[in-house]
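A.B. asks: Quick one, what's the 3D model for this:
(one chain, ligands or ions: 1)
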Amino acid sequence: MFDFEISGIHLDREKRKRAVDLNVKILDLSSAFLMGTHFPSRIEKHLLPEHIRHHFELAGDHVLVDGLRAEVPDDLVREAAYKIFLYPNAGQLKCLEELLSNRDLLAKLVGYSTYSHRALQGTMAKNPETVMQFLEKLSDKLSERTIKDFEMIRGMKMKLNPQNSELMPWDPPYYSGVLRAERYNSEPSLYCPFFSLGACMEGLNILFNRLFGISLYVEQPAKGEVWCEDVRKLAVVHESEGLLGYIYCDFFQRADKPHQDCHFTIRGGRLKEDGDYQLPAVVLMLNLPCPAKDLPTLLTPGMMENLFHEMGHAMHSMLGRTRYQHVTGTRCPTDFAEVPSILMEYFANDYRVVHQFARHYQTGQSLPRNMVSRLCESKKVCAAADMQLQVFYAALDQIYHGKHPLRSSTTDILRDTQEKFYGLPYVPNTGHVGSERWYWDSHPTLKPCVLISPGSVRKLRGGEECPWVRA
Ligand SMILES: [Zn+2]
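C.D. replies: Alright, predicted model coming up:
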């Protein structure tokens, strides 16, 4: 009932219709906004120095910037990517503002003072006041360690690039990677041969067997049952209760596929009127590289962890037994929905689990214990700075969904919140580093591109000429 009431089922006819209309509008706006965050930005070719152009896709007289290039050692490339990709786009800004004000209208219509109050009702945190208190306290306790992390990152930048050692927001992802690799020799490529997709699936099978008495079996789908021949169908079978449900594994990259790892339900489980149970069917979607000829798909430790995470969601759907399908499995408060998947990440980082399945795909050698501990230790490098970034996103999310009308423009709020909760300077004329963590991954095949108006690039640094314009 509560779930239905936050959507307005208890209102009179007219208000109910208004709630439905608002919901539709919100859905459209949020998908338009998210799509927009993936569109590449476009800039005239001659505005970028020639020696960095090859880092980006060329389209006639333009260069397309489709992501932040966080892995590129050249500071100038990361700076250019950051400033061009995050350059605010009027359409996106309008879409964001409309989305936020419609969410506010819906919340008020169904009886809440803000959208944040509506979203947090029924969660562990309960209300926005608790969330903000938590974030402020966390930020406070983190600050000393975050400063140390930033110092360490700055030190690495100074060592590699003594002429320009000021720490900017495009630096931490790259230099913390360098620190990790230097300290723990934990480059993903060293680990990939031990994490073939087959080995990882076997690892999940062993783990689920031990935890739940469950085995995964590959089943031949019927003709026309799957939407792409890459998709594998897994039957989830319990040792005494039998078949529990099906997981369709859509694991490999395709041109028209959304670039996001996720889990979704095709059919929820429920108790039928005749006493039988309707078995759940879910999809687990990843974006793994396609297997090459004679070579299995090899996962980086990050991909392996994602696989475990998404499998946690899938198992939640498989194991839940409810009367109604609207409340089955992951169809629960979103904070709780992440509990099983995050638990699975802990298994993916525990030697006792990993050593049972991580085998070199050519030699069969198991992943040495010190490599697992190096990997785990390396994750602690700059962890405070990483968490501080998440605190900033969370705080921004709270403010955007708090009291409306907003006290200033979304971009001004972004600037103030970044300065208060992150610590690295806000770069003028950047925006949309919103609450979506995966926003940082962009997808090059998503077109069309967003156009930066001619000449506007010169304004990227508040009017002064950008270094890469000196081509
Ligand atoms: Zn998740």
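
A.B. asks: which residues of the stretch 51-200 of the chain fall in strands?
C.D. replies: Taking DSSP state E, counting those that start in this stretch as the test, the strands found in the stretch 51-200 of the chain are 57-59, 62-65.

A.B. asks: Please identify the deepest-packed of those strands.
C.D. replies: With neighbours taken as mean count of other C-beta atoms under 10 Å, these reach their highest mean count in strand 62-65, at a mean of 23. The C-beta positions use only the backbone N, C-alpha and C, and glycine is treated the same way.

A.B. asks: How far does it sit from its chain's centre?
C.D. replies: 24 Å (C-alpha atoms, centre = their mean, to the nearest Å).

A.B. asks: In the sheet, which strands lie alongside it, parallel or antiparallel?
C.D. replies: Partners of strand 62-65 in the sheet, by DSSP bridges, are strand 41-44 (antiparallel), strand 57-59 (antiparallel).

A.B. asks: Would you indicate which residues of the longest one are buried?
C.D. replies: The one in question is strand 41-44. 41-43 (16 or more other C-beta atoms under 10 Å).

A.B. asks: And the residues you listed, which is closest to Leu68?
C.D. replies: Ser41 (11.1 Å; C-beta to C-beta).

A.B. asks: Got the phi and psi for the residue at the greatest distance from the centre of the chain?
C.D. replies: The C-alpha centroid of the chain is most remote from Asp274, which lies 41.0 Å away (C-alpha atoms, centre = their mean). Per-residue torsions, Asp274: phi -80, psi 10 (degrees, to the nearest 10).

A.B. asks: Can you pull out the residues in contact with the helix or strand hosting Leu216?
C.D. replies: Secondary structure assignment for Leu216, by DSSP states H and E: strand 214-219. Residues from elsewhere that reach strand 214-219 (C-beta atoms under 8 Å, 6 or more residues apart in numbering): 201, 204-205, 208-209, 232-239, 244, 246-247, 315, 318.

A.B. asks: switch to 10 Å and redo it
C.D. replies: Outside strand 214-219, the residues that touch it by C-beta atoms under 10 Å, 6 or more residues apart in numbering are 201-202, 204-209, 225, 232-239, 241, 243-244, 246-247, 249, 311, 314-315, 318-319.

A.B. asks: picking up where we left off before, now the buried residues of strand 41-44 as TSV including pLDDT and distance to Glu144?
C.D. replies: Listed next are the buried residues of strand 41-44 as TSV, based on pLDDT from 0 to 100; distance: C-beta to C-beta, whole Å:
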residue	pLDDT	distance to Glu144
Ser41	88	37
Arg42	87	42
Ile43	89	40
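
A.B. asks: can you give me the helices in the stretch 151-300 of the chain?
C.D. replies: 172-184, 188-191, 197-212 (DSSP state H, counting those that start in this stretch).

A.B. asks: isn't Leu343 right up against Gly312?
C.D. replies: Yes - Leu343 is within contact range of Gly312, at 6.2 Å (criterion: C-beta atoms under 10 Å).

A.B. asks: the more surrounded of the two?
C.D. replies: Gly312 (24 against 15; other C-beta atoms under 10 Å).

A.B. asks: so which of the strands paired with strand 62-65 gets nearest Met35?
C.D. replies: strand 41-44 (14.2 Å).

A.B. asks: Distance from the closest one to the middle of the chain?
C.D. replies: Remark: strand 41-44 is offset 25 Å from the chain centroid, using C-alpha atoms, centre = their mean.

A.B. asks: With only the CA atoms kept, save that strand in CSV.
C.D. replies: Presented in CSV, the C-alpha positions along strand 41-44 are these (Å, rounded to 0.1, in the frame of the first residue of the first chain):
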residue,chain,number,x,y,z
SER,A,41,30.8,16.9,-27.1
ARG,A,42,32.0,18.3,-30.4
ILE,A,43,34.7,20.9,-31.0
GLU,A,44,36.3,22.3,-34.1
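
A.B. asks: Alright, calling it a day.
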